[in-house]
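> Generate coordinates for the sequence data below:
(2 chains)
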Protein chains: 2
Amino acid sequence: MNLILFEAAETQEHRSGELSLSGTRAKHLLTVLKLAPGDDVRVGVVDGPRGVATVRSIAADGTVRLEYALDERAPPAPRVDLLLALPRPKVMRRLWAQLAALGVGRIMLTNAARVERNYFDTHVLSPSRYRPLLIEGLQQARDTHLPLVTIHRQLKVLIEDDLDALAGPATRVVADPAAAATVAAAVGGRTDARVLLAIGPEGGWNGFETRLLVSSGFRPAGMGPRTLRTDTACVALLALVHAAIAHECPEK
Amino acid sequence: MNLILFEAAETQEHRSGELSLSGTRAKHLLTVLKLAPGDDVRVGVVDGPRGVATVRSIAADGTVRLEYALDERAPPAPRVDLLLALPRPKVMRRLWAQLAALGVGRIMLTNAARVERNYFDTHVLSPSRYRPLLIEGLQQARDTHLPLVTIHRQLKVLIEDDLDALAGPATRVVADPAAAATVAAAVGGRTDARVLLAIGPEGGWNGFETRLLVSSGFRPAGMGPRTLRTDTACVALLALVHAAIAHECPEK
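Numbers count the residues shown, from 1 in each chain, chains lettered A, B, ... in the order given. Sure, this is the predicted structure:
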């Protein structure tokens, strides 16, 4: 953890104060960061500001008493949203922390023809399972912006009825191994805008889904001839989109 | 698997012929790809050409008899090599297939001050463990170029004595969260060259190691303020380097 995240309820919206940690975070402070009284640690509040805390005392039961001051703004909110055909539970479980670490504003998980129905009947989609993994990713990346997660059982309803309200104005890009355009070209040099990135299931979108996406403004973008696993593709494509909107890759 | 890889010994360097598969590959053909006699499947030979095979028969014990023709050249060899401070075994285990799928010519695993010594005493570094994982990544990406793996217990010896011979002429880039230059800028528009990408341990290179790398020609490149886990960083950085040398990101 490069930042310890507090819940808003823990600080009660006070900009400075004291609080006690026990459990995973306290254990991390003591056994990984090996902090002693007087040591500082970077902290933040979920969806709030960041700052520094000083260890005041460590109780015999491992409870760590911290004095914190939250005088640093949160980092800019990620300007990338993800529309992802739900991968199998094992892959999705691995992805949560990585998505939060790379930075996404919103994660929309959707059904598709090549998504197995039973992927939706899984613990990995319950907030009590994925929220700690998202927090883990934020703590890794020193961010405080918790991605918003929504689950959509019908791609057509999502795209036609809900997407404009959920995603707002954004450059829409769909990953497509057959596309000639690069991610940078599909993002199109709109470095001031949001990007909504759609990534299909292992077997790809079917013809109907591809037409639906393209007719809804998604521009196909490829990464060359190598076919990647969903989790590898998600990380690679998010890195390319972030680089493209950070002026790294101007339009060609 | 998007391609079934044969070992060179299995085809005895014949460009066409018949061979029988049992074990993992046969099981995959039958239970995942659900092939029947007469169906085709894409095939290739490790470090050799690619082609197509037709299922000729399926024995009662699940052995699959294939007739193959290897008349397609291998894809171009990856132009990126990786110098990676050895991550902990669990992370390294996850990385092998992803590295092979993304495409690397050579994987040099090295010690560093912030690498735990016992990471080297692990099964994950024995070829019998990692080779199947590399093959899995190649089959995912439809490649045949098996990455060359070397293990280096002393970074200084690797950099000062061995690196020129191992890596040859290449643009050298070291991932550095503090660097202002982007990956595309560090690669420097040398789209015809190889890139050697160095990625440090979770805690970063120490001062001596950073100076050693920079004085050996490695240019620092960053990915913005977000700190990523080693496995996420490897995938993200390899995607950015591949995009940079594929003309996606011209020098700025």
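
> Can you name the residues of chain A that neighbour chain B?
A:2, A:75, A:94, A:97-98, A:101-103, A:140-143, A:182-185, A:223-229, A:232, A:235-240, A:242-243, A:246-250, A:252 (CB under 8 Å from any CB of the partner chain). The way it works is simple: take the backbone N, C-alpha and C, and place the C-beta from them, glycine included.

> and with 7 Å instead?
Proximity of chain A to chain B (CB under 7 Å from any CB of the partner chain) is limited to residues A:2, A:75, A:98, A:101-103, A:140-143, A:182, A:184, A:224-229, A:232, A:235-236, A:239-240, A:243, A:246, A:248-249.

> Just the buried ones out of these, please.
When the residues of chain A next to chain B are checked for burial by 16 or more other CB atoms under 10 Å in any protein chain shown, the buried set is A:2, A:75, A:98, A:101-103, A:140-143, A:182, A:184, A:224, A:226-229, A:232, A:235-236, A:239-240, A:243, A:248-249.

> Kindly format the C-alpha coordinates of whichever helix or strand residue A:210 is part of as PDB.
For residue A:210, the host element (DSSP states H and E) is helix A:207-215. What follows is the C-alpha trace of helix A:207-215 in PDB, where atoms were taken according to Å, rounded to 0.1, in the frame of the first residue of the first chain:
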ATOM      1  CA  GLY A 207     -21.900  -9.400 -35.500                       C
ATOM      2  CA  PHE A 208     -25.000  -7.900 -34.000                       C
ATOM      3  CA  GLU A 209     -23.100  -6.600 -31.000                       C
ATOM      4  CA  THR A 210     -20.300  -5.100 -33.200                       C
ATOM      5  CA  ARG A 211     -22.900  -3.300 -35.400                       C
ATOM      6  CA  LEU A 212     -24.700  -2.100 -32.300                       C
ATOM      7  CA  LEU A 213     -21.500  -0.600 -30.800                       C
ATOM      8  CA  VAL A 214     -20.400   0.900 -34.100                       C
ATOM      9  CA  SER A 215     -23.800   2.500 -34.800                       C
END
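
> Residue A:158 is in contact with residue A:110, isn't it?
Yes. Using CB atoms under 7 Å, residue A:158 is in contact with residue A:110, at 5.5 Å.

> tell me the contacts of the residue of the stretch 1-150 of chain A found nearest chain B?
Residue of the stretch 1-150 of chain A nearest chain B, by CB to the nearest CB: residue A:141 (4.0 Å). With contacts defined as CB atoms under 7 Å, 6 or more residues apart in numbering or on different chains, residue A:141 is in contact with A:101, A:103, B:226-228.

> If we ignore the residues flanking it in sequence, what's nearest the spatially most central residue of chain A?
For chain A, the residue nearest the mean C-alpha position is residue A:100 (2.9 Å; CA atoms, centre = their mean). The shortest distance from residue A:100 to any residue that is not its chain neighbour, by CB to CB, 6 or more residues apart in numbering or on different chains, is 2.9 Å, and that residue is residue A:137.

> quick one: contacts for residue A:67?
Shown here is residue A:67, whose contacts under the criterion CB under 7 Å, 6+ apart are A:18, A:53-54, A:56.

> Residue A:134 and residue A:36, how far apart?
Here the distance between residue A:134 and residue A:36 works out to 30 Å (CB to CB, to the nearest Å).

> These two: which has the busier surroundings?
More neighbours surround residue A:134 than the other of residue A:134 and residue A:36, with 22 against 10 (other CB atoms under 10 Å in any protein chain shown).

> Just the element for that one, please.
Following DSSP H and E, one finds residue A:134 within helix A:127-141.

> Would you mind listing the buried residues in that helix?
Taking 16+ other CB under 10 Å as the neighbour-count basis, helix A:127-141 is seen to contain the buried residues A:130-131, A:133-141.
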